[in-house]
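J.: what shape does this take:
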Amino acid sequence: MTELNIGLEGVAVAETKISCVNGEKGELIYRGYRVEDAVDNTSFEAIVYLLWRGTKPSAEALSVFSQKLVQRRRLPAYLKDLIRNVPRDLPVMTVVRTAVSALRLEGEPWPPTEDQALELVAKIPTIIAFYHRLVSQLPETEPDSRLSHVENYLYMLTAKQPKEAQVRALETYLMLSADHDMNASTFTARVVASTQSDIISSVVAAMGALIGPLHGGAPSKVDDMLDAVGTEANAEAWVRAQLEQGHKLMGFGHRVYKTYDPRATALKKIAQKFSEHDHYFKLSLCLEKVAIRLLEEYKPGRSLYPNLEFWAAGVFRSIDLPPSLYTPSFCVARVAGWSAHVMEQAQNNRLIRPSCIYVGPVPTH
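T.: Next up is the predicted model:
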């Protein structure tokens, strides 16, 4: 009889060399590097190169790779027309999902190629910025070939040259979010890829999983929590009230990590450098201390600590990113990981086809 594993927890369906999460040790590994070491003094483009090719790039290789991304940033006219004609009240991720599904990629649909993946990584930030400025009734901005991937994303959103500290804060978040083992959206991408479908179908399916509130929406809810707490003096009373009513604290705890999320540790350092005199940063520090202490009091032994989303909210506020762009910006990062897994799946493909245990009625005759 087939063994039942609700949610497939603890079931391995693939081998990967891309990333690994060790929840007990609080480690995230990218291609043999601890994530905090991998993202130190490097760029988002270098992390994409590492995830896709398995090695850190030389200066020359990185320059060539980065230029390939630059050359693919602009949107074709038909895609702009499509975006202009969607309802203006659609969520940004809904529009991104629709626009990506309409992209025309060169080459055969199978197997997926790095050039096809480059198109996705390069164009998704442009799609987000184009729609954001459209619904904000602001003039369109074209990509600037002189700017890096993250600089250009911020420039297209604001039409202003971003500050170095803003770029570094967002770049750190994007690098830390680029991949995370076999999560729900990555699993979805690999399932679709295993049918020998094209990379666009795989990534669009992953976006569908990301849009679900259990996967991609927590930073904005952390924002709401910080607004509700209001002041450091109110933190303990507010947290106690939430826990006594059985409510969750947004941005605390993780399905895998049983200690402090290493991505949160790295982001906290960036947030501290960037906004140490900021009200929300100081409130976040206070809330973190209070919440860890009270979570242990109310839920002893559960090991509930801040996760990536808790400090992501602080970084996003520091760079004035609107909440409507929180999940889309996560997508800017994670498309690198999705693409890596789709290409890896194709290298040694086997159709992913789990089974169900039938518990319905049986024929009487």
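J.: quick one, strands of this protein?
T.: 19-22, 27-30, 33-34 (DSSP state E).
J.: point out where the stretch 1-150 of the chain drops to low pLDDT.
T.: Applying pLDDT under 70 to the stretch 1-150 of the chain picks out residues 1.
J.: hang on, the earlier thing: which among the strands of the chain is found nearest to residue 352?
T.: Evaluated with C-beta to C-beta, these place strand 19-22 nearest to residue 352, the distance being 18.5 Å. (Each C-beta comes from the backbone N, C-alpha and C, glycine too.)
J.: can you name every helix or strand that the closest one contacts?
T.: strand 27-30 (3 or more C-beta pairs under 8 Å, 6 or more residues apart in numbering; DSSP states H and E).
J.: list the buried ones in the strand it packs on?
T.: For strand 27-30, burial by neighbour count (16 or more other C-beta atoms under 10 Å) applies to 28-30.
J.: pull the residues that contact that strand.
T.: Strand 27-30 has contacts (C-beta atoms under 8 Å, 6 or more residues apart in numbering) with 18-22, 34-35, 38, 47, 50-51, 178-181, 262-263.
J.: which among the residues you listed count as buried?
T.: Among the contacts of strand 27-30, the ones that count as buried by 16+ other C-beta under 10 Å are 18-22, 35, 38, 47, 50-51, 178-181, 262-263.
J.: out of those residues, who's nearest residue 115?
T.: residue 51 (16.0 Å).
J.: my guess is residue 283 contacts residue 229. True?
T.: Yes: between residue 283 and residue 229 there is a contact under C-beta atoms under 8 Å: 6.6 Å.
J.: give me the common contacts of those two.
T.: residue 235.
J.: more neighbours: those two, which one.
T.: It is residue 229, of residue 283 and residue 229, that has more neighbours when counted by other C-beta atoms under 10 Å, with 22 against 19.
J.: buried set for stretch 101-115?
T.: Buried-residue list, stretch 101-115, by 16+ other C-beta under 10 Å: 103, 105, 111-113.
J.: which of these sit farthest apart?
T.: Farthest-apart pair in these is 103 and 111; separation 17.7 Å (C-beta to C-beta).
J.: can I see the domain layout of the protein?
T.: Structural domains assigned to the chain are 19-215+323-347, 218-318, following automatic domain parsing.
J.: residue contacts, the residue nearest to residue 151 when sequence neighbours are not counted?
T.: In this structure, residue 151 finds its nearest non-sequential neighbour in residue 167, 5.3 Å apart by C-beta to C-beta, 6 or more residues apart in numbering. By C-beta under 8 Å, 6+ apart, residue 167 lies in contact with 148, 150-151, 154.
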